[in-house]
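In: Next one to model:
(chains A and B)
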2 protein chains.
Amino acid sequence: MRTAVVTVGKEILTGRTVNTNLRTIALKLKSIGIDVNRSYVIDDLKKEFKTILDFMTEDLIIFTGGLGPTVDDITRETVINYYGVETYMDQDVLDKIKYYFDRAEVEMKDTNNKQALFPKDSIKLDNDLGTAPGVYFKVGKQTIILLPGPPHEMIPVLNQAIDIIKDELDINLISRGYKLVGTGESSMENNLKGFYGVHPKVNVAPYANVGEIKYIFTSNDTDALDRCMKDFFNKFNEFIYGGLEDTLEGVVIELLRQQNKLISVAESCTGGMLASQLVNVPGSSNAFQEGLVVYSNEAKMKYLDVQEETLAKHGAVSPECVYEMAEHLYEKTASDITVSISGIAGPGGGTEDKPVGLVYFAITHKGNTTVYRKVFNGDRQMIRYRAVIFALNQVRMELLNDESHSPK
Amino acid sequence: MRTAVVTVGKEILTGRTVNTNLRTIALKLKSIGIDVNRSYVIDDLKKEFKTILDFMTEDLIIFTGGLGPTVDDITRETVINYYGVETYMDQDVLDKIKYYFDRAEVEMKDTNNKQALFPKDSIKLDNDLGTAPGVYFKVGKQTIILLPGPPHEMIPVLNQAIDIIKDELDINLISRGYKLVGTGESSMENNLKGFYGVHPKVNVAPYANVGEIKYIFTSNDTDALDRCMKDFFNKFNEFIYGGLEDTLEGVVIELLRQQNKLISVAESCTGGMLASQLVNVPGSSNAFQEGLVVYSNEAKMKYLDVQEETLAKHGAVSPECVYEMAEHLYEKTASDITVSISGIAGPGGGTEDKPVGLVYFAITHKGNTTVYRKVFNGDRQMIRYRAVIFALNQVRMELLNDESHSPK
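Out: Have a look, this model is predicted:
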């Protein structure tokens, strides 16, 4: 089965509104195993509808937008008339629209009548949050669904359509996934050569974000899916930090909680971003102790007793500096694990020895301090964000390697 | 001129990602007076490209996505080959990709080479944030533009393409704008009734983001544009914090620099997000002194001498607590201005008296401390973000009101 989603309306084409309806519809269809194969955004012009309707050959076509009462709302009559099916005006809908207007003490205009137009053999999709009901009808082997445009109206109407599709069809595709950090898309793709061929019954798709990659596995064969994911897990275990619903900071906070540990962080170039990510996890107060944004040398000395000599000799962006930052924070806070970050986020401040993007990290855990050095690409914000992800992942690895506290 | 935007990639069709690129491209084109007439989202399959390329007749066709190194990234070679133009491999791009990988200390794979493919008569659009450069080329009267998919890479590449289009079409529309904070779109629209009619030669368009609104003014008549913007400025002066290229945090840092002042911040619920926003401004080290993430009561007492009695009697989310936080930070750091934030970001922790979204702020400046109370809507992340914007804006107002230091 091939599926198309058509979003109607100038507000998407002018950039005034982001097309979130496509996402909502795609996710809902995916949940019952249906892929969207193509999507269109068209202007609300009769000839646009004709062009697109002539072109489309999909089995399932979903329109969203243009069902309202204004002169621009032409989706309903244009699509229904295009297919040349018999129609009727639904009296219940007319009554409902009238009631809706009476309640709001607004006079009902004739243009509102058109919202009651339906193909004779169609299913009415109720819209309790607006005056424009949805429509579900068939023309030959094609299924046509018309949904309202405003998201809060669209969703309940879509849900009714999904229930009907579910009844009519019988597919049960399963979709699961992993989130990975510490590896890049191209290096993964290289390592996956040959993998796809071993698992022909499973669709494996990567989705790269800044600093992390999601892999989504889809199949209608549970055993094949399990085998494929197990195989993938064994291959890339070191990079996998969780499932699709997990976040890296959430996993770190959860590990800290399981191990009954407290974390404190000292940040220079990331300037509070690491603390902020950790605090964004609900209930992080059980695990997050303190954060110090020690951007200036003075603050590094004042709060973390970084030696003036260290700063003079090695600079603030040095293994020596982050070492002292993490170690002294560990001593001062009595946290179980401390992290320090100092780097050059740019755009200025880089030298040949210490280029923009260079970031040093130190982690003190169980009395031992480890220093890391990385060079990140990107602009200031990106370098800082990548540094935060790297730090979070190193903390995760530290905690995972602590066998004595490993979760069951 | 007719324009089409084609977004390539499964992640949009599966609903994993919202198509924000369409919005960004549409807004940019609009700013130079070009409308998007239709938009497509297609799967990364060769035959999909062929079908859509055969169908499209637009004068300007913009593709976004699928320029990367993986096997799924087929946009570049598929589109270029479709048009049957002569091609070459760009040595500079190859070198740059190699350098990019060397810097990140990752081995360069052969699959990355394809990112250097260009039509012979094309313009290279640099991509400093990724390995895939964009392409601008002409086939007969059609203009084809290929842009990378990840938004942070796409935007700078798009800007180069826009400059070329402007040059080629000799477009002399001028587009300027203001950024506003501390007001909402619907209240603005109410206040703007009548305004549009007075300035018929100027297109005025609002673009709302979380916590701020952009107003973009476009016209080919400089005088009309100036008059309209002056009129707008006089009406909404209090909310306008800068032009389109400004950021609220950038304006705050700039004011601090002009007034030769240092800022320090103490954050509870925002957990470092305010500090991180300030540090994101290049060169913020001249103005940003210290940041303390005092999420726990212990940290509030330890670093800021918040009285145990205050916490016991009024709680950490109280005017009394933020007052002590800001005032003590002011004393301890000798900063010129200090800010404190404490609130309930949720989802748990709300009560009838102190609901989720309640945030207290204090600002100490020139020895005086002012306390603010706000209740924000949204989820945990949104509440925290809105709190940061509110705090930044209050700091901006404080500094602007300091006549003795007002900029020339």
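In: now the stretch 251-400 of chain A, which segments are flagged as low pLDDT?
Out: Scanning the stretch 251-400 of chain A for pLDDT under 70 picks out no residues.
In: now the lengthiest helix in chain A, how far from the centre of its chain.
Out: Looking across chain A with DSSP state H, the single longest helix is helix A:380-401. Chain-centre distance of helix A:380-401: 19 Å, with Cα atoms, centre = their mean, to the nearest Å.
In: Just the buried positions in that helix, please.
Out: Across helix A:380-401, burial judged by 16 or more other Cβ atoms under 10 Å in any protein chain shown covers A:380, A:382-396, A:398-400. C-beta: built from backbone N, CA, C; applies to glycine.
In: and what of stretch A:194-204?
Out: A:195, A:199, A:202, A:203, A:204.
In: Just the ones of these in helices?
Out: residue A:195.
In: Just the closest of the buried residues of stretch A:194-204 to chain B, please.
Out: residue A:203 (9.5 Å; Cβ to the nearest Cβ).
In: For the closest one, list each beta-bridge partner.
Out: residue A:218 (DSSP bridges).
In: Could I get the contacting residues of it?
Out: A:217, A:218, A:219 (Cβ atoms under 8 Å, 6 or more residues apart in numbering or on different chains).
In: now it: how far from residue A:351?
Out: From residue A:203 across to residue A:351, the span is 48 Å (Cβ to Cβ, to the nearest Å).
In: Then residue A:178?
Out: Distance from residue A:178 to residue A:351, by Cβ to Cβ: 39 Å.
In: Now do the phi/psi pair for the closest residue to residue A:222 other than its chain neighbours.
Out: Nearest non-adjacent residue to residue A:222, counting by Cβ to Cβ, 6 or more residues apart in numbering or on different chains: residue A:174, 6.3 Å away. Main-chain torsions, residue A:174, degrees, to the nearest 10: phi -110, psi 140.
In: can you pull the contacts of residue A:174?
Out: Applying Cβ under 8 Å, 6+ apart, the residues near residue A:174 are A:218, A:219, A:220, A:222, A:225.
In: what about the strands in the stretch 301-408 of chain A?
Out: For the stretch 301-408 of chain A, the strands defined by DSSP state E, counting those that start in this stretch cover A:337-343, A:358-365, A:368-375.
In: and of the ones you listed, who's closest to chain B?
Out: That would be strand A:368-375 among the strands of the stretch 301-408 of chain A, by Cβ to the nearest Cβ, at 5.6 Å.
In: Among the strands of the stretch 301-408 of chain A, which comes closest to residue A:190?
Out: Nearest to residue A:190 among the strands of the stretch 301-408 of chain A is strand A:368-375; the distance by Cβ to Cβ comes to 21.1 Å.
In: Of all the residues in the closest one, which ones are buried?
Out: So for strand A:368-375, counting by 16+ other Cβ under 10 Å, buried means A:369, A:371, A:374, A:375.
In: Pull it out as PDB, backbone CA atoms only.
Out: Provided in PDB are the C-alpha atoms of strand A:368-375 (Å, rounded to 0.1, in the frame of the first residue of the first chain):
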ATOM      1  CA  ASN A 368      40.900   8.600  40.500                       C
ATOM      2  CA  THR A 369      41.000  11.400  37.900                       C
ATOM      3  CA  THR A 370      41.100  10.800  34.200                       C
ATOM      4  CA  VAL A 371      41.800  13.500  31.600                       C
ATOM      5  CA  TYR A 372      40.400  13.500  28.100                       C
ATOM      6  CA  ARG A 373      41.300  15.700  25.100                       C
ATOM      7  CA  LYS A 374      39.000  16.300  22.100                       C
ATOM      8  CA  VAL A 375      38.900  18.600  19.100                       C
END
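In: I'd like to check the angle between it and strand A:337-343, please.
Out: Between strand A:368-375 and strand A:337-343, the angle comes out at 30 degrees (axes from the mean of the first three to the mean of the last three Cα atoms, to 10 degrees).
In: what packs against strand A:368-375?
Out: helix A:319-333, strand A:358-365, helix A:380-401 (3 or more Cβ pairs under 8 Å, 6 or more residues apart in numbering or on different chains; DSSP states H and E).
In: List of residues touching the first one?
Out: The one in question is helix A:319-333. By Cβ under 8 Å, 6+ apart, the residues outside helix A:319-333 that reach it are A:262, A:264-266, A:268, A:289-290, A:292, A:294, A:300, A:304-307, A:310-311, A:313-315, A:335, A:337-342, A:360-364, A:367, A:369, A:371, A:373.
In: Filter the residues you listed down to just the buried residues.
Out: Here, 16+ other Cβ under 10 Å leaves A:262, A:264-266, A:268, A:289-290, A:292, A:294, A:300, A:304, A:306, A:310-311, A:315, A:335, A:337-342, A:360-364, A:369, A:371 buried among the contacts of helix A:319-333.
In: Does residue A:25 touch residue A:63 like I think?
Out: No. Residue A:25 is not in contact with residue A:63 according to Cβ atoms under 8 Å; the separation is 10.3 Å.
In: anything in contact with each of those two?
Out: Contacts common to residue A:25 and residue A:63, judged by Cβ under 8 Å, 6+ apart, are residue A:147.
In: how about the residues of the stretch 101-250 of chain A near chain B?
Out: A:184-187, A:189-190, A:205-208, A:210, A:214, A:216 (Cβ under 8 Å from any Cβ of the partner chain).
In: Highest neighbour count among those residues?
Out: residue A:186 (22 neighbours; other Cβ atoms under 10 Å in any protein chain shown).
In: which residues sit in contact with that one?
Out: B:68, B:69, B:70, B:109, B:111, B:112.
In: ok, the closest residue in space to residue A:314 that isn't next to it in sequence to residue A:326 distance?
Out: Excluding its sequence neighbours, the residue lying closest to residue A:314 (Cβ to Cβ, 6+ apart) is residue A:320, at 4.4 Å. According to Cβ to Cβ, residue A:320 and residue A:326 sit 11 Å apart.
In: now swap in residue A:292 and tell me
Out: From residue A:292 to residue A:326 the distance is 11 Å (Cβ to Cβ).
In: list residues touching both of the two?
Out: residue A:266.
In: just to revisit the earlier point, okay if I get the contacts of residue A:186 as CSV plus secondary structure, pLDDT and neighbour count?
Out: Below are these laid out as CSV (DSSP: H, G, I helix; E, B strand; the rest coil; pLDDT from 0 to 100; neighbours: other Cβ atoms under 10 Å in any protein chain shown):
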residue, secondary structure, pLDDT, neighbour count
B:68, coil, 86, 24
B:69, coil, 83, 24
B:70, coil, 80, 19
B:109, coil, 73, 16
B:111, helix, 72, 16
B:112, helix, 79, 20
